[in-house]
Every structure is written in structure tokens, then in C-alpha cells.
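Visitor: quick one: sequence and predicted model below, then my questions.
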2 protein chains.
Amino acid sequence: MDPELKAYFTDYSSLDNEKHILVEYYFESLVPPEVAAAHLCQEMSTAQWHRVGVDEDFRPEFAAKVVDIFKMNLLDEPSSPFLARQMGWQGEKLFSCRVKIAFPTHNIGARIPNLLTAFCGEGVFHAPHICAIRLEDLTFPEEFLAEFEGPQFGVGGLRQILDVHDRPIFMGVIKPNIGLLPEPYGELAYQAWLGGLDIAMDDELIADSCWSSLEDRCHLLGQFRKKVELEINHPKIFQANITDEVENLIPNHDLAVRMGANALMLNSMTVGLSACRMLRSHSRVPLVSHFDLYGAMTQIPFQGIREQVFIKLQRLAGFDAILFAGFDSRMKSTHEDVLANVAACLSPMGNLKPSLPIPAGSQWAGSIAPLYEALGTIDFAVVPGRGVFEHPLGPHGGAFSLHQGWDAVKKGIPLDEYAQDHEELRLAIESR
Amino acid sequence: MDPELKAYFTDYSSLDNEKHILVEYYFESLVPPEVAAAHLCQEMSTAQWHRVGVDEDFRPEFAAKVVDIFKMNLLDEPSSPFLARQMGWQGEKLFSCRVKIAFPTHNIGARIPNLLTAFCGEGVFHAPHICAIRLEDLTFPEEFLAEFEGPQFGVGGLRQILDVHDRPIFMGVIKPNIGLLPEPYGELAYQAWLGGLDIAMDDELIADSCWSSLEDRCHLLGQFRKKVELEINHPKIFQANITDEVENLIPNHDLAVRMGANALMLNSMTVGLSACRMLRSHSRVPLVSHFDLYGAMTQIPFQGIREQVFIKLQRLAGFDAILFAGFDSRMKSTHEDVLANVAACLSPMGNLKPSLPIPAGSQWAGSIAPLYEALGTIDFAVVPGRGVFEHPLGPHGGAFSLHQGWDAVKKGIPLDEYAQDHEELRLAIESR
């Protein structure tokens, strides 16, 4: 290989690991993967630039460097013939690989926008010779993580607020959402809380809306929440969606919390992760992230960004709970991806508290058993919409059916059998 | 069709057009496209939700509705077999179409995050029956556009600042960037300005960096800029990249402008478009956007978001100039896409000024003629890196060669012929 390119390879053990982020890509290339990987490192960092007539080399201190490359089979056909043809492909075999790159943290600092620029910027998605590329994973050193606050409450803090310690968390998306006035909307949440829902949440499409202002909704839902808390002597959460232009986030936080919301949701990628991080350092309540926009990047296995990367970045930004694409076929996630997302929420990550994973998608009482079995932990939330709010007995019955679904798991009784003498669960099954 | 789904179709002429955004998608579906399109409208807006036991219908006021559907050929094979299989595909033919949907502006208000949630959110990328989907275009009514400030300077304002009225704008990305100290970095810009460069700009990977603080760099580059302006009695621009966490944007703006930057760059999608809009209402200088992150969404023709959508959103957010993937093969754009992006910058768009289009990618003096020919306007910028800063005679010669490249166009002389008695151009050609 060209010695200029060789400078982009190194042993991981020779690096100061606390000063490097490990960045993992899958890519397909028209040239041998080592050559393409070296070019990728160039584009992410120093290139081979030097001033005309000056002998200088910025690579030792600033270059991204390949530390591992796992060559895969030659491809007869690229995953995307379109992309390959745009890069000049004329029918020859293509190379594919997974590569691990060590990236010096001092190139970007502990800043999310600059991190996204380096790992998902022009240099990556327009790297020479590479016709398809997916960012697979990011692994951060503790020293870098220590510069982020991360979740303020985390799983433990959420459990403490809710006083729920021995089972998954039961969330519900209040429906109908678009067009329903705050008063009947609040009544639905009240019924669901009474039935045993922990967190009643806004859908991602309702915010400070013309039919339901943030102020009115939080005021009414706050009143309903306090009413039910008094009646059953148990805490509940109303999670308000404050997604809005960045300049409104802090005012929206202050208003919503003053009025009675005790958790806040952001459609994080549409607001921008950095703005979410800004809100985190101001927030007095748990922050929950909803998964909009990044579906445009995460669903293709050979191009874009794997969802677990966004989960890690949302944990960095400080979300206490994170919704993401779950097991439902409509969610287009692999089983492996859902598990990776859960791990990205819960696995040790420096000083950062774990975030509550919420694998979403058309859930109901019957979703609890398979989720619990697949995840092997109670530290997750189910988040039905219809499964609670269109239950034949209404939201009270829908919420109650979730508890019955969990009781069946605890007692090791098959759902259908347990439903025989549990009305709400039976109706939930029948109305599927 | 199910009458419940028929409610999601309407005549565009029957709508108040000033109250609806036109949203255009390409999609592939497992069910007939009309059925899939109706479900898509549901997910983007009201669904069929009503309270249990209550007769209510929010669709007349709040539903997204199909106004046009262009059915395409049945597909023997889906564009992404992976996505189709995740949706339950078992080898049958698939439907494909382009659909235009009218979306009520009052559902979201004039807010970019809520717009992205509605048009690129869970409802779209996880719509039932749809296995691949791309957001193709957005068309905004004037009443909606009037709520955005848009570009403060636009093409005309930039031309006025630079006093350049009769040719394309010559930008250059200062190289080397990563690791080079501000003093020699400024010297490079000075040489390029002297040679005739209009705008010397930071690369997207340099920001407020440990080897080149924003303060030092803007101070030195501001001094060099004023020096050259005095020497040649002509205005120049130093465009500083202030990409950073959102809470630093306004302080960075104030610092950079005070120190001597007279245009600012943001890696807009990594910062978040809404934060950029916030900065726009504060900014005293032109804002320029660099195209990071969205390469993860724009390159696949059947999935994600077409680049022209991001161009329009960046114009909405107030960018005076917009870099995007140009004609170079590494940029993976179709010819048609580049032209659509230029049109998204320059075409009439309510009250919004045009943004200067900057189709980027490995440019040099020889890029000017084909760009001018393809675009049919002088309202664009070329943006070489190497083509200016690694010119054999240095940045002065590189910048000078751009003028010679343009002179050849004006005089209708082929580049090679014109180069025979124009040294800088000849060397530019020879060093390719």
C-alpha cells in the first residue's frame, strides 16, 4: 500500500485509549477495503493536506486511524446498484468489510454537533471509493463521557418517582390526540391512571397545538393527575410533548412543569440532540425521547446509521427514557437491533445513568410476556396506544389489562388461560 | 375501499390551499397503493381514533389527505428485499407509487421540529403496509412561508457585500485545516484573497478547535482580511465555522463577528435546523450551511428524504448560502438532483430571498464551465479546496486560476486553449 495511506493504520494498544473514540462502520467499496478505509480516515480527519512547499504532517496527532478491519466476502452485486453506479461501478466484484477506527477526541471536543459532523458528515457519506456505508457503533472512553451530564434520573430515578420497583413500567399514549380538546383528553388519562397506568403520555404529533395548548393541557392533566394520586395514594406521571422551535424549549419546560406535567417528551432528532442536551441542564423533570426523523437513516442494513448509535447519543444528551422501534413487523427492526438498543440504554457507559428502554410498536397486554422474555429484565416500559385507550371497557380497562398481562407472566400462566377469569385481559385478547 | 379509508382522499381544489402543505412521497407497499396511502395519512395525522363509545370524527379538520396518486408498475422485486421481508413480504409482487398529500398547516404551526415529526416521523417511516418510503418534496403555501424570516441577505445581499455582480462567486476551503495553527492558516487565506478568491471558508471539521480557537482564528483572519481589503480596495469574506453545542451558538456568533469573521457557517443538520433558525434572528452576518448528516438520508432513491427537501428547509431556516452534493461522482447525486437543489435555492418561495447554491465536490478552475453550462445562471458558487490551496503556485495561483477559468467561459474559448498563455490555469490543469 501507498506509504501515505499506511499512516492511517495503527495498533489500538499503542494509542492512549482514553483519548480516542472507537467508530465502527460497515462499507462496500470499489477498491480493496484497506485502501478505502485509509481514505475514509483521511476524510474524517486530516486528509493528506500540507501547505505547498512546506514539509509538515498533522497525522500523528490528529488523524483518524484504522485499528481493526474485518474483510468480508467479495460481492457479486452491490447492496445498492444505484449507489455503486453513481461511484463509477461497471459490474466488477465489490469489496465489503467492517472497520474499527480510532478517532482522537480532541479533534471535536465533547460536542454532539461536531461529533455528528466527524462520524456522519460529508467525509463519511461522500468518501472516495466507498459506495455504501453505515455507521454501526460508537464506543466512548470514560474521560470523554465524563464531560456529559447524561440522564438526570435514569431508570432508578423514574422508578422512585413512580414508586414502582418490581415490574416493567406501564406507559400509554393518549388517543385520540389530534383534535381532541384538553378536558376530554385529560379525562382519558385519568381513567387510565385509575386503571393502573404509570405514565400517560402525549403522542409525538401533539405539542403546543391549536386545539390543545401546552398550557391548558398541562394544567388540566396536572389537575387530573393530582386527583388520582390523592384517590389511590400513589404517584403518576403526565409526560407532555414540548417539541417546538429551540427558542421555545426552556419556556415550554417552565410552563409545562409549572402547570403540572412531571415528565417531558422531545422528538429529539427533529429538535436536534444538542438542543436536548441544553434542556437537560435546565430540566427539573425526567426527559423522554421519541424516535422521529432517524427512521430515514436506520432501516437500511448497508447505508446510514444503525439505531443503537442514536440510542447512545440520546443517552449522552441526557434522556431518562428512550422510545425506539420495537419488535412489531411494522417497525422494520431486526430482533438483534432491538436487543442492541436495549443494551445501549442499560449497559455501563462511564458515569452516565442508564436510560429506560421503551421498544415501541402496536403494544397491548399480550406484548409484556414476549418482551420480558426477550429482554431478560424488568427495566423496560411497554407503551400501548390503542391497547389502553381503545380497550372495549375504555382506558381504565385497558390499563388494568396490562397488570393482568404482567400477573400472568409472574405466575407463569399462559395468557389465554389467565384471561379466562380476568375480564379486562379477555376483552383485550378478543378485541385484537 | 373501506369508507373509513375513503375519508383520507379529497380534491385539492376543494381545499383552502393556503392552509395546506403539499407533501410528496415515493413508496413501495404490500397492499394497493391507495390503501397504503390512506394508512400513511392516518399515521401522519388523526388516525381513526375516537373515544370508546363516543361518535366523533376529527378528520374533516385535521386529517392529512391524498390529493393525487400516480401508480407505478408492479415490482417483481422490492427495492429493498430486507425492508420488504421485515414487513412480512413473501415473494409476491409489490406496489409502488408517488403520492401527493395535503397536510393542514394548523396541525404543526410554522415550526421546523414539528414539521419534521409529521413528515419524517414514526408515522411515516413505520407506516403499516409500506416497506420503503422516500419524502420527495414539500411545497409550502405563502401564508405558511410568511411566518419564516428566511435568508437575511440572500444572493443579492451576498453580491452586495462582495461587490461581485457579473460572475459566479469564488469560494475556497482553506487547507490544511486540521492541526494548522491560526497564523499560517490566515496567511493561506490572505494569499488566496490576493489571488482573487471572494470567500475563504473553514472546512466543516474545524470549529472552536483545540489547535485553532474560534477567537484566535477569527482575530487573525479578520486582520488578514482587512489588510487585503485595503491593499486591493475590494471587500472579501472570511466564513468561520461556528458549529458547536446549541448553547454556544449565539456566544460564538458574537465572538466570531467581533473578532473579524463576516460570514458564519453551520453544519446545519448536526446542530439542528431549529437552532439555526434561532441564530438567524440574532445574526448580523450571512449564514452558510454545510451538508453533514443528511447524506445518511438522501442517497438511496427509494428510502429516506430527497436532498431538495433539506435545501428548502435550510432556506426556511434562513441560510444565505447552502452547500450540497454537486456533480462529482463521489457525491452520489444524480444530475437531476443537483438541478433540483439549485432550483430549491433560487426558485420563488413566498417572501423568502433566494439562497446562493453551492454544489460541492472536488472542484477547481475547470469546474466552472460545466457548472455554468448545467445551471444556466451565474448565481452559484464554486468551492474548491485543493483546487485553490494545493495549486502548484500556492493559494494565490489557485485563486487566480478560477478567474482564468471563468474568463475562458466568457470568451467562449475552450479551457485547454485558453490555458496555453495563462500560466495559473495551465498549471491547474497539469496538476489534476
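Guide: Perfect, I can see it now.
Visitor: stretch A:127-142 and chain B in contact?
Guide: Yes. Stretch A:127-142 is in contact with chain B by CB under 8 Å from any CB of the partner chain, via A:127-128, A:131, A:135. Where you see a C-beta, it was placed from the backbone N, CA and C, and this is true even at glycine.
Visitor: how is chain A divided into domains?
Guide: Domain segmentation of chain A under automatic domain parsing yields A:3-145, A:154-430.
Visitor: what's the straight distance from one end of the longest one to the other?
Guide: Counting by CA to CA, to the nearest Å, you get 36 Å between the two ends of domain A:154-430.
Visitor: from the chain's centre, how far out does it sit?
Guide: Centroid displacement of domain A:154-430 relative to its chain, using CA atoms, centre = their mean, to the nearest Å, is 13 Å.
Visitor: quick check, pLDDT for the residue in the stretch 101-250 of chain A positioned nearest to chain B.
Guide: Here the stretch 101-250 of chain A gets closest to chain B at one residue, A:Phe125, 2.8 Å apart by CB to the nearest CB. For A:Phe125, the pLDDT comes out at 97.
Visitor: quick one on the thing from earlier: ok, so of the residues of stretch A:127-142 next to chain B, who is nearest B:Met44?
Guide: The closest of those to B:Met44 turns out to be A:Leu135 (CB to CB; 27.7 Å).
Visitor: identify the nearest residue to the closest one in space, disregarding sequence-adjacent positions?
Guide: A:Ile305 (4.5 Å; CB to CB, 6 or more residues apart in numbering or on different chains).
Visitor: does A:Pro235 touch A:Ile161 like I think?
Guide: Yes. A:Pro235 is within contact range of A:Ile161, at 6.2 Å (criterion: CB atoms under 8 Å).
Visitor: looking only at neighbour counts, state which of those two leads.
Guide: A:Ile161 (19 against 15; other CB atoms under 10 Å in any protein chain shown).
Visitor: how many neighbouring residues does the residue of the stretch 251-400 of chain A found nearest chain B have?
Guide: Relative to chain B, the nearest point of the stretch 251-400 of chain A is A:Gly272 (1.9 Å; CB to the nearest CB). By the criterion of other CB under 10 Å, A:Gly272 has 32 neighbours.
Visitor: and the gap between it and A:Gln314?
Guide: 12 Å (CB to CB, to the nearest Å).
Visitor: check the residue lying farthest from the centre of chain A and give its pLDDT.
Guide: Ranked by distance from the centre of chain A (CA atoms, centre = their mean), the top residue is A:Gly53, with 48.0 Å. The score at A:Gly53 is 87. That number is its pLDDT.
Visitor: could you pull out the helices for the stretch 251-400 of chain A?
Guide: A:268-271, A:273-280, A:295-298, A:307-317, A:335-346, A:368-375, A:386-389, A:394-411 (DSSP state H, counting those that start in this stretch).
Visitor: please work out which of the ones you listed is packed deepest.
Guide: Burial of the helices of the stretch 251-400 of chain A is given as mean neighbour count (mean count of other CB atoms under 10 Å in any protein chain shown); helix A:268-271 ranks first at a mean of 29.
Visitor: all the strands of the stretch 201-350 of chain A, in order from the start?
Guide: A:237-241, A:263-267, A:287-290, A:304-305, A:321-325 (DSSP state E, counting those that start in this stretch).
Visitor: let's have those in TSV, adding distance to B:Ser362, mean neighbour count and mean pLDDT.
Guide: Shown next, in TSV, are the strands of the stretch 201-350 of chain A (distance: least, CB to CB, whole Å; neighbours: other CB atoms under 10 Å in any protein chain shown; pLDDT from 0 to 100):
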stretch	distance to B:Ser362	mean neighbour count	mean pLDDT
strand A:237-241	43	27	98
strand A:263-267	36	27	98
strand A:287-290	38	28	98
strand A:304-305	23	27	98
strand A:321-325	37	28	97
